[in-house]
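J.: Predicted structure and sequence below. I'll ask about it afterward.
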Amino acid sequence: MKKFTPQPGFTVLAHKLALDPNATANRHLHSHGGAARAAYNWAVAYITAAWWQRRAEQSYGIPEDQLTQWRSWSLPSLRKAFNEDKRTNPRFAGWWDENSKEAYNTGLANASAAFDNYAKSKSGKRKGRKMGVPRFKSKRKAGLTCRFTTGTIRIEPDGHHVTLPRIGTVRLHEDASRLRALFDAGDMRILSATARLDRGRWFVSFQVEEKHQLVRVARPDVVVGIDLGIKTLAVLADSDGVLGEEPNPRHLDRAQKQLRRASRVVSRRQGPDRRTGQQASKRWEKASQARNKIYHRVANLREDTLHKMTTRLAREYGTIVVEDLNVAGMGRNRRLSRRVADAAFGEIRRQLAYKARRHGTRLVVADRWYPSSKTCSRCGVAKAKLPLSMRVFACENCGLVLDRDANAGHNLVALAARTTGTGVAGDLDPAKAESKPRGADRKTRTTRPRRKAGPGRAGGAIPSPRAGKETGDRQQDTGAQLALW
């Protein structure tokens with residue numbers, strides 16, 4: 001599929017708005033979210049059924065050329081097969097026409113992406129943790145979402161209502177007059193709308209093509225180094241020598257007393273049990289909702305804090321330097337995992353990345369192995385070891401005594417002057433080789449090489465997902481098969 005390219009002078013943005021649906025709109029939204037989940041489960045069953053059938057046929061000794069044909073999981077193939085089956089399948093025949101076609105397309109697109117990610121993960125083409133075989137989504141646990149790309153999608157002239165296909169006009173929880181003014185002026189065009197139930201409230205996210213209006217930052221010539229931490233959320237050191245701090249509000253820690261009390265109430269109720277098929281009692285559901293409300297409030301407070309901090313930084317400084325932290329590895333520390341998750345280091349970097357592009361701010365990401373805390377910001381000599389318990393940096397060479405986080409911030413500011421301007425981690429100008437008593441630059445522990453994948457489990461190797469012959473499918477070489485099961 002050809003990637004969308006915005007017109008010159010425009011950029012693709014998303015605007016997330018809270019909804020206040022009435023009873024009718026709320027019922028329609030839940031119906032569309034449930035339809036997307038049902039279509040996703042149908043696609044998973046449709047694809048994996050062929051896999052298990054081939055495995056059974058192979059166990060009977062049937063030749064390869066006589067086995068059941070593979071089923072393509074490309075979106076056009078799934079859409080065609082679903083449209084042929086929905087009128088006769090008893091699971092969909094009685095109600096499929098009550099929802100927009102976009103609801104089923106959402107589920108099929110998600111299933112296609114899930115199988116594609118699984119195939120790329122098995123073949124080593126996808127970075128990150130290994131992806132498993134797509135599984136069915138539970139009605140109790142699955143999030144409700146539906147993406148609309150066609151039909152009537154607009155913000156009403158009053159700025160307090162939105163219109164979605166088959167759902168109708170829904171009241172907004174907030175004022176969207178500014179977005180409506182951009183639309184009327186021709187500076188914004190709506191590409192799609194995604195309705196999602198998140199933290200007990202319905203939201204709609206508009207993906208728009210908006211005219212890019214670059215706002216000059218307050219201090220374009222100033223560089224700021226940001227050292228993230230738990231005791232203090234962020235220590236800011238700029239090139240003017242000014243030190244600043246962003247305190248860590250620790251929203252989750254403050255809510256621990258309420259969470260413990262609410263969790264005790266939930267544990268004393270009769271909850272669901274998948275082993276015996278026991279259904280949750282009404283009292284358990286009520287207690288669980290009360291506990292979830294506390295979690296939702298913590299998440300909202302954290303989101304508000306991070307957005308305010310990152311927006312202020314992107315609007316004030318011309319260059320921002322952050323570290324490439326191994327957040328997943330830090331989360332495996334059983335003593336700090338809860339506080340690391342509450343600080344949301346990864347979310348801070350994600351927000352800085354897109355807000356820096358929006359404001360024309362240069363973002364430099366320091367290499368993960370750059371010793372910002374162990375290096376003296378005055379003479380440049382690095383320590384071989386600096387335990388986390390030592391909060392004050394003391395240089396034996398020049399006698400500098402400074403808070404370790406402030407020292408790391410100054411080193412990050414100095415790093416920005418050495419970069420080539422690309423903002424790529426580790427993309428530095430060649431430095432003079434000096435003999436310094438520093439620690440290892442890279443991980444020195446050897447790891448075991450990955451074991452080769454064994455033979456396929458269900459029917460052997462899976463061919464390319466684009467092997468179908470339907471119109472719109474991209475043909476690929478079916479000889480390069482993947483051992484996916």
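T.: Received the coordinates, thanks.

J.: which stretches of the stretch 1-150 of the chain aren't confidently modelled?
T.: Low-confidence segments of the stretch 1-150 of the chain (pLDDT under 70): 1.

J.: how about 80 then?
T.: 1-2 (pLDDT under 80).

J.: would you list every one of the strands in it?
T.: Assigned strands in the stretch 1-150 of the chain, in chain order: 10-18, 145-148 (criterion: DSSP state E, counting those that start in this stretch).

J.: For those strands, could you give me TSV that also reports mean neighbour count and distance to His212?
T.: (C-beta placed from N, C-alpha, C; glycine too.) TSV is the format used below for the strands of the stretch 1-150 of the chain (neighbours: other Cβ atoms under 10 Å; distance: least, Cβ to Cβ, whole Å):
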stretch	mean neighbour count	distance to His212
strand 10-18	15	5
strand 145-148	24	24
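
J.: how far away is Val298 from Arg260?
T.: Remark: distance between Val298 and Arg260 (Cβ to Cβ, to the nearest Å) = 14 Å.

J.: my guess is Glu323 contacts Val365, does it?
T.: Yes. The criterion here is Cβ atoms under 8 Å, and Glu323 meets it with Val365 at 7.5 Å.

J.: Isn't Thr319 up against Arg362?
T.: Yes. Counting by Cβ under 8 Å, Thr319 does reach Arg362; the two are 4.5 Å apart.

J.: When the two are compared, which one has more neighbours?
T.: Between Thr319 and Arg362, Thr319 has the larger neighbour count (other Cβ atoms under 10 Å), namely 25 against 18.

J.: show me the contacts for the more buried one.
T.: Contact analysis of Thr319 by Cβ atoms under 8 Å, 6 or more residues apart in numbering lists Val222, Val223, Val224, Thr361, Arg362, Leu363, Val364, Ala416.

J.: Gly271 contacts Lys282, correct?
T.: No. Applying Cβ under 8 Å, one finds Gly271 not in contact with Lys282, separated by 11.6 Å.

J.: For this structure, which segments count as helices?
T.: Using DSSP state H, the helices found in the chain span residues 23-59, 75-85, 101-123, 177-184, 251-254, 256-267, 282-316, 327-330, 337-343, 345-359, 404-418.

J.: With just CA atoms, put the second one into PDB.
T.: These are the backbone C-alpha positions of helix 75-85, laid out as PDB (Å, rounded to 0.1, in the frame of the first residue of the first chain):
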ATOM      1  CA  LEU A  75      -6.200  -7.200   4.300                       C
ATOM      2  CA  PRO A  76      -7.800  -7.500   0.800                       C
ATOM      3  CA  SER A  77      -7.900 -11.300   1.100                       C
ATOM      4  CA  LEU A  78      -9.400 -11.200   4.600                       C
ATOM      5  CA  ARG A  79     -12.000  -8.600   3.600                       C
ATOM      6  CA  LYS A  80     -13.100 -10.600   0.600                       C
ATOM      7  CA  ALA A  81     -13.400 -13.900   2.600                       C
ATOM      8  CA  PHE A  82     -15.300 -12.100   5.400                       C
ATOM      9  CA  ASN A  83     -17.800 -10.500   3.000                       C
ATOM     10  CA  GLU A  84     -18.500 -14.000   1.500                       C
ATOM     11  CA  ASP A  85     -19.000 -15.600   4.900                       C
END
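
J.: rewinding a little: which one's more surrounded, Val298 and Arg260?
T.: Each of Val298 and Arg260 has its neighbours counted (other Cβ under 10 Å); Val298 has more, 19 against 9.

J.: Need the nearest residue in space to the more buried one, chain neighbours excluded.
T.: Counting by Cβ to Cβ, 6 or more residues apart in numbering, His251 is the residue found nearest to Val298 once chain neighbours are left out, at 4.7 Å.

J.: Please apply the same query to Ile155.
T.: Nearest one to Ile155, counting by Cβ to Cβ, 6+ apart, is Arg180 at 4.8 Å.

J.: give the contact list for that neighbour.
T.: Ile155, Glu156, Pro157, Gly159.

J.: Including distance to Ser377, could the strands of the stretch 1-150 of the chain go into TSV?
T.: Formatted as TSV, the strands of the stretch 1-150 of the chain follow (distance: least, Cβ to Cβ, whole Å):
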stretch	distance to Ser377
strand 10-18	37
strand 145-148	47
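
J.: And those strands: which comes nearest Arg357?
T.: strand 10-18 (8.3 Å; Cβ to Cβ).

J.: Partner strands of the closest one and their direction?
T.: Applying DSSP bridges to the sheet, strand 10-18 is found paired with strand 201-211 (antiparallel).

J.: Ala356 and Leu363 touch, don't they?
T.: Yes. Ala356 lies in contact with Leu363 (Cβ under 8 Å); the separation is 4.1 Å.

J.: Need the overlap of contacts for these two.
T.: Common neighbours of Ala356 and Leu363 (Cβ under 8 Å, 6+ apart) are Ile320.

J.: distance of the residue nearest to Pro249 when sequence neighbours are not counted from Gln7?
T.: Distances taken as Cβ to Cβ, 6+ apart put Thr305 closest to Pro249, at 5.7 Å, once the chain neighbours are dropped. From Thr305 across to Gln7, the span is 36 Å (Cβ to Cβ).

J.: Those two: who's more crowded?
T.: Neighbour totals were compared for Thr305 and Gln7, and Thr305 leads with 17 against 9 (other Cβ under 10 Å).

J.: The contacts of Thr319 in strands, which ones?
T.: Among those, DSSP state E puts Val222, Val223, Val224, Arg362, Leu363, Val364 in strands.

J.: mind checking how far Gln53 is from Trp70?
T.: Applying Cβ to Cβ to Gln53 and Trp70 gives a distance of 11 Å.

J.: Which of those two has more residues huddled nearby?
T.: Ranked by neighbour count (other Cβ under 10 Å), Gln53 and Trp70 place Trp70 first, with 20 against 16.

J.: quick check, nearest of the contacts of Arg180 to Phe206?
T.: Ile155 (7.7 Å).

J.: Burial check on that closest one, number of neighbours?
T.: Count around Ile155 with other Cβ under 10 Å applied: 26.

J.: bridging residues for it?
T.: Val162.

J.: Before we move on, what's the pLDDT of it?
T.: Ile155 is assigned a predicted lDDT (pLDDT) of 96.

J.: ok, it touching Phe183?
T.: Yes. Using Cβ under 8 Å, Ile155 is in contact with Phe183, at 6.4 Å.

J.: residues shared between the contacts of the two?
T.: Ile190.

J.: need the contact list for Pro134.
T.: Contacts of Pro134 (Cβ under 8 Å, 6+ apart): Val44, Ile47, Ala111, Ala114, Phe115, Tyr118.

J.: Kindly provide the distance from Asn105 to Ala113.
T.: 12 Å.

J.: wait, doesn't Pro220 sit right on Gly318?
T.: Yes. Pro220 is within contact range of Gly318, at 3.8 Å (criterion: Cβ under 8 Å).
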